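Asker: Whatever this is, show me its structure:
(chains A and B)
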Amino acid sequence: MKAFFKKHSQVPRRDFLAYSAKCFLGVGLMPHLIRNTLHGKEAPIGRPSAKNVIYLYMAGGMSHLDTFDPKPGMEQQGPVETIKTNVDGMQFTEYLPSLARQADKLAVVRSLSSTQGAHQQGNYFMHSSYTMRGTIRHPGLGSWLVKMDGKLNKNLPGAVRIGGSAVGGGAGFFETRYAPLVIGNPEQGLQNSKLRKGVSEGEMQQTLALTDAFDTEFHKRYDYKLVRAYSDMYDDAVKLMKSEDLKAFDLKEEKEELRQAYGKNSFGQGCLLARRLVEHDVRFVEVTLGGWDTHSDNFEKLPDKTKVLDDALATLLNDLELRGMLEETMVVLATEFGRTPQINESLGRDHSPSAFSCVLAGGGIRGGQIFGHTDQIGKMVTENQVTVPDFNATIAYAVGLPIEEEYISPSGRPFTVADKGKPITQLFS
Amino acid sequence: MNTSSEDLMKATVLGMTKKIIVIASLGSTILLNLGFAKISTEQASRNIDELVEAKLESKGVERNSEVRDEVFVRRIYLDIMGRIPTYDEALKFLNSDDQFKRQKLIDALLQSEGHISHFFHLWADLLRLKTRTSNGNVTGLYAYTEWVKQSLRDNKPYDQLVRELITATGYPWENPAVGFYLRDFNMPLDHMSSTVQTFLGTRMQCAQCHDHPFDSWTQMDYYKMAAFTYNVRTRVDIRQIEELKKYLITLKQKKDGIDVRKLHREPARRQMVRELLQPLQIGAIQTERKLRLPEDYQYNNAEPKQIVEPMLPFAEEGQELTPPQFESAEELRNQYANWMTSPTNPRFSKVIVNRLWKYVLGLGLIEPLDDFTDDTEASNPELLDYLASLMIENQYDMREFLRVLYNTKTYQSASSLKEEVEVENYLFAGPLLRRMSAEQIWDSIWTLVLEDVDERKGGNYNVFREKAQEESMMARAYALQSMETEVMYELLESVVQVFEKRVTQRHNLHKSMQSIEESKQRDQLNKQLRSLQREARKEVDQIIASAISPMIEEEKDMTISSMSMDRGGVMSFDSKQRKILKETDPRWKDFHISFVRAAELQSPMYPGHFLRQFGQSDREIIDNADKEASVPQALTLMNSQYLQSLIRRESLLTRNVMSAEEPGRKAEIMFMSFLAREPSQVELEAIVNGIEGKESAQAYRMVVTALLNSQEFRFIQ
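Answerer: All right, here's what the predicted structure looks like:
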C-alpha cells in the first residue's frame, strides 16, 4: 500500500481519505470519480487515465519476430521483411503496415517473459496473473475491475468477452455476476435480448403481469429478499430490453465503410463491438483472435492472420482517437507466449515463453515507445524483463485499481489483482 | 477401547477381513456382525427423526408441518429424478389412495434411470468431471464419465467406488476409472489436494506452497501425503513399452546416427507418433517415482529437493501414526486407499453422509462440506455420528442411505428458508427452500416437451463427434497393443513412408512457391498443399483401418461402440456424418438431438449455454455450481428459442393441453404440468383477465411463458 501511495504524494488530503476508504472497504465507492480526482489534470508525471479496457487476446502464441520484434538480416527472421514505422527507430514486420503508421500511439513491450510454456497454462496465467491450480480459479482482470471498482452503466454487464473460450479470465472465486458476459458472434449481439418474432411488447408486459399474479401467493409464503432477487432480475432484464444501451450491441448502427475497415470477420467486428460497448461504459471487453499456434507453415499462415489483426487494431485506434476516447480507453494486445526464433522442419515456430511482445495503447500510455529488448535473434530478454504479473499490474494501474490490496477468497486465501506484479509506470505520459 | 476391538480394526484396515467392522455410534463403540440383518429403512428413518426432534425440543422449536401431496410429489421428483413430474406422473400419484404411496414412489424413483441422470451431477461437480480437457485433448474422459454413471447405476458401495478411483491403473480402455488421474493430467500435487478435499473434506492446498496459516498442516505434511500417489504417472513413456522399445532400437541400427530420444523431431516420424502412438501415451501408470521437496523449500526440517517419504496426516481412530511399510509403490497406493476408505478413518464416512444430507435437505450438518478441521463441530453431532454409523452399517450403500433420508418426517416437512435461520444453528425443522439447479431447470423444460424424457440418450453434436474420436482413438491404441510385434512394425513403417512422401512433396512445393510472385499461382499451390495433406491422411487411415479392423471385430466385449467399429476404428467424423445424426425414434423426431437431459451433454457445457447461464459448474474446481440470479437467465426464459419448443404442436405439453376442450380444464393441465397442482380461483381469474381478447395461440403462449417464468416453477418447495 505504501509504495502505491508514494506515487501520488501530491494527492490532497480529502481525496486521500476517500481513496483510502475505497481501498480498505474494497467497494466501488464513487469509483471513477475518486480516481479522476486522483489522476486529474494536475496530477504528476506517470498519469494513468484509463476508465475502461479493450483487451485483445491472440490465442495460441503470437510470433513476436514476425510482428512487433523483427530481427532484420538474421537467418531466423525467415522470408519476412522489416518496415519502418512513423516512429524513428521503431520497426515492425511487413505484416503490419497499418499499425506501422500508428506506432506513435503504441507502447511496444518487447521484453515479456512467462513461466508457462503450454497453451492452457499460459493462457490462464496471462489472464489471471496466477499459475493454474486444480484447486482454485483465479479471476481475470475484467472481473477484478468490476468487483473492485463497480459498473459504470447499470443496465449493461461490467465485463464482456467476445469469441474465444479462455481458460482464465472468468469470475474465478468472485460471485458469478462478475463473470464476463459471453458473446459468441458479434454480429448477433446480446443473446435473447429481443422479443421473439410475433411477440409484441404489450404481450410481454401482460405475460409478466400474469407471472406476477401467479407469484403473489408464493411471495406471501416466502417473503424473503433471497427469493425476491429472482423476480428482481426481471426488472433489470426488462429495463435492459427497453434500454437505449441495448443498441450498443447492434453493429448495424455503424456505417458500412467503418465495418469494412475493421474487417468483415469475427475479430474485426468484435473490435468494433468492443468500441461500441466501451462507449456505453462497459468496463472491460475482451476480443479473441485465435490460430496463432504456427508449429508448421508459419509463413504461409501468418499473412492472413496478421492482416486481420492489422486492419482491426489500426482501425480501432483511429476510431477511438477520432471519438476522443483513446485517453480513457486502454487497448491491450496480449498473448500467452511468443514463438521460437528457430524455424523447425515443418517451417513453423514452436512456443517461446522466454521472450515475447505485447502492446499497450491509450489510457494515458505514452505512444511511440519500445520497452525492453531481446537478444539478436529474439530468444531471450536482455533488458527490462517484464513478467506476466508486471504486465497485468500495469493494466490494473492504468485503471486505478489498488494493486496491493488483498482480497480474501471464500476458501480463506489472500489474493491481489496482479499477484504483486510491479506496474511499468514509465510507460505512461 | 478394548484390545479385541483394536485387533479387529487392524484386521479391517489391512483388508484381511470385511466380515466385522467397527462403528462409532452415539459416542460408544459397538461391534456389529454384518452377517446379521441390517436395520430396516423405517427404523433408520425414525431414528433420524428422533435425533432431529431431540434437538428441536431442546430449543423449543416445532417441526414444520407435513407437506401436502402436491408439494411432496414435485419435490420428490426434483430431488430424486432431477426433474418435475410429468402431467401423468403427478396425477397418478395425487389420485392414488394407497397409504404407502410416498414410500412406494421413493422406491420406484430410486430404481429408475432418471435418478442416475440426476445423481450423476453431484458426482460430476464433486469429481470435476469433464468430457474433454480444456486444451481440447480427448483422453478417455467419456469412458470415465460413463464409468461413473454405470457405478451409480450399479449402486456400487461408496467406499469401493473411492478405492477403485484411487487405485486405478492402466489405459482408459482397460480401466476407465483412470480418468480420475487423467482429469488432472500432469498435476499430481493438485490432484492429491483435490482428492483429500473430496473424500476427507479436508483442505490442504494452502500447504502446497507454505505452511497452512490457520490449520495445522505444514508444507511437509502436504508433500508426505502427496508421496502416496505421486508414483502414478499420467503420461506413459512409450519408449518403455517393450515392443516399441525394440522397434525404436531396430530403427537406430537401421539409420545410423539417429538419436532415439530425438526421433520425434523428424517430421514424418513425428506425425506417425502423433497419429498412431499418441494414444498409447495416455494412461495412468504405476511407477516407482519418488517425490522431492520443491526447490524453494523454506523450512529447516529438510533440505530443498530432498526426497519425501510418505506419511499419513492423521491416524485412524484409536491408532498410532506410524510410517507405512511397503514393498512396492503399488502396495503403498493400496494402503493409502484402504486408509482413506476405512470405516475407522475419522472423516471418510462423515464427509459423505454430510454431503448426502445436504443433497437431500439443502444444508449440511457441517458447513462448508469440505473444510473439516480438528475444531469443526456439527450443528447436531449426535445426528452426524448416527448417520455415519448407518452408512457403515449399510456397507456404504448410498441408495439405501438416500431412501432412509427421503422417508424421514424431517424431509417430508414444509421447507424453511435459509434467510430466516443462522446456518450453524439450523435445527432442521424441515428441508430448505431451494432454487432448482441449472440441470434441474433444463431437464424440467424437456420433461414438459418430450415424451419419456429419461429414455432419450445421445447428446449434442459435439458429444457424438468427441465420443467417436475417443472411441476410435482407443480402438486404434487397443489394436496396436494387442498386435503381433512384427505386424505392428510393418504398420508403423508403412505409415512413416506415407508421411515421408508427403514431407518431400511439400518441401518441393514450398520451394517452387518461394519463386512465384503471382498470388493466383500461389493460391493454386496452396490448394495443392492442402489436398496433399488430405490424401496422406486418407492413405494412412486406410492402412490403419485394414490393419486393425479384423482385430476389433474379434473383440466384441470391448467398450467400443458400433459407430467406430463400422469404420474400422478410423477417426474421421466429418460434416457428412453430421447429417446422419438425425433422430429416428418417432417419439422425438420433431426435436433436435441436443434436447436431451443435461447428463447426456458435454460436461460442462460451453460458456453461454443455457446450463452455464443458470449456474452449471465449470467443473474446474470442486462443487462450483451456483444458483445466483442473473439478467441473462431472465432474458433466456422470456425470449429464447426453447420457449418455441414448449408451445409447438408436437410438444407433450401442447398435446396434453389440446386434448381438453374447455378453457378451465386447459389451465388445469398447464398448472399440473408445470407445478403439479391445480390453479387457484384467483389464478384462474388472472388468466381470464390476462388473455381477454387474445387469440387462442397467443393466449396459450402467454400462459406458458408466465408459468415458465414464475417463482414457483424455479423453486423446490
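Asker: So which residues on the stretch 501-650 of chain B come close to chain A?
Answerer: Neighbours of chain A within the stretch 501-650 of chain B, by CB under 8 Å from any CB of the partner chain: B:510, B:514, B:526, B:529, B:606-608, B:615, B:618, B:620-622, B:624, B:626, B:628-636, B:638-641, B:643-644. Placement of C-beta: from N, CA and C, glycine included.
Asker: so where's the longest helix in chain A?
Answerer: helix A:298-322 (DSSP state H).
Asker: List the buried residues of that one.
Answerer: For helix A:298-322, a neighbour-count test (16 or more other CB atoms under 10 Å in any protein chain shown) marks A:298-302, A:305-321 as buried.
Asker: Of those, which fall within the contact range of chain B?
Answerer: The residues of the buried residues of helix A:298-322 that also fall near chain B, by CB under 8 Å from any CB, are A:Glu300.
Asker: tell me which strands and helices the longest helix of chain A is in contact with?
Answerer: Packed against helix A:298-322 by the contact rule (3 or more CB pairs under 8 Å, 6 or more residues apart in numbering or on different chains; DSSP states H and E) you find strand A:52-58, helix A:97-100, helix A:256-262, helix A:266-279, strand A:284-289, strand A:329-335.
Asker: got the angle for it vs strand A:329-335?
Answerer: 170 degrees (axes from the mean of the first three to the mean of the last three CA atoms, to 10 degrees).
Asker: Output the below-cut-off pLDDT ranges for chain A.
Answerer: A:1-47, A:134, A:165-166, A:345 (pLDDT under 70).
Asker: Quick one: the helices in it, in order.
Answerer: Along chain A, the stretches classed as helices by DSSP H are A:2-6, A:13-25, A:31-38, A:97-100, A:119-128, A:141-149, A:201-221, A:225-242, A:256-262, A:266-279, A:298-322, A:388-398.
Asker: B:Met340: which of those helices is closest?
Answerer: With CB to CB, the closest approach to B:Met340 among those belongs to helix A:119-128: 28.8 Å.
Asker: which strands and helices sit next to that closest one?
Answerer: Applying 3+ CB pairs under 8 Å, 6+ apart, one finds that helix A:119-128 contacts helix A:388-398.
Asker: tell me which residues in the helix it packs on are buried?
Answerer: Across helix A:388-398, burial judged by 16+ other CB under 10 Å covers A:Val388, A:Pro389, A:Asp390, A:Phe391, A:Asn392, A:Ala393, A:Thr394, A:Ile395, A:Ala396, A:Tyr397, A:Ala398.
Asker: Check which helices and strands it sits against.
Answerer: Right, helix A:388-398 is packed against strand A:52-58, strand A:106-113, helix A:119-128, helix A:141-149, strand A:329-335, strand A:356-361 by 3+ CB pairs under 8 Å, 6+ apart.
Asker: Report the distance from it to the chain centre.
Answerer: 11 Å (CA atoms, centre = their mean, to the nearest Å).
Asker: Could you do stretch A:157-174 as well?
Answerer: Counting by CA atoms, centre = their mean, stretch A:157-174 comes out at 10 Å from the chain centroid.
Asker: first vs last residue of it, how far apart are they?
Answerer: End-to-end distance for stretch A:157-174: 15 Å, by CA to CA, to the nearest Å.
Asker: neighbours of B:Glu484, just the number please.
Answerer: 9 (other CB atoms under 10 Å in any protein chain shown).
Asker: With A:Ala261 instead?
Answerer: Residues near A:Ala261, counting by other CB under 10 Å: 19.
Asker: Run through the residues that contact the residue nearest to it when sequence neighbours are not counted.
Answerer: Leaving aside its sequence neighbours, A:Ala261 sits nearest to A:Thr315 (CB to CB, 6 or more residues apart in numbering or on different chains; 4.5 Å). By CB atoms under 8 Å, 6 or more residues apart in numbering or on different chains, the contact list for A:Thr315 reads A:Ser98, A:Leu258, A:Ala261, A:Tyr262, A:Gly263, A:Gly268, A:Cys271, A:Leu272.
Asker: Let me see the contact set for the residue nearest to the last one when sequence neighbours are not counted.
Answerer: For A:Leu272, ignoring the flanking residues on the chain, the nearest one in space by CB to CB, 6+ apart is A:Tyr262 at 4.5 Å. Under the criterion of CB under 8 Å, 6+ apart, the contact list for A:Tyr262 reads A:Gly268, A:Gln269, A:Cys271, A:Leu272, A:Asp311, A:Ala312, A:Thr315, A:Leu316.
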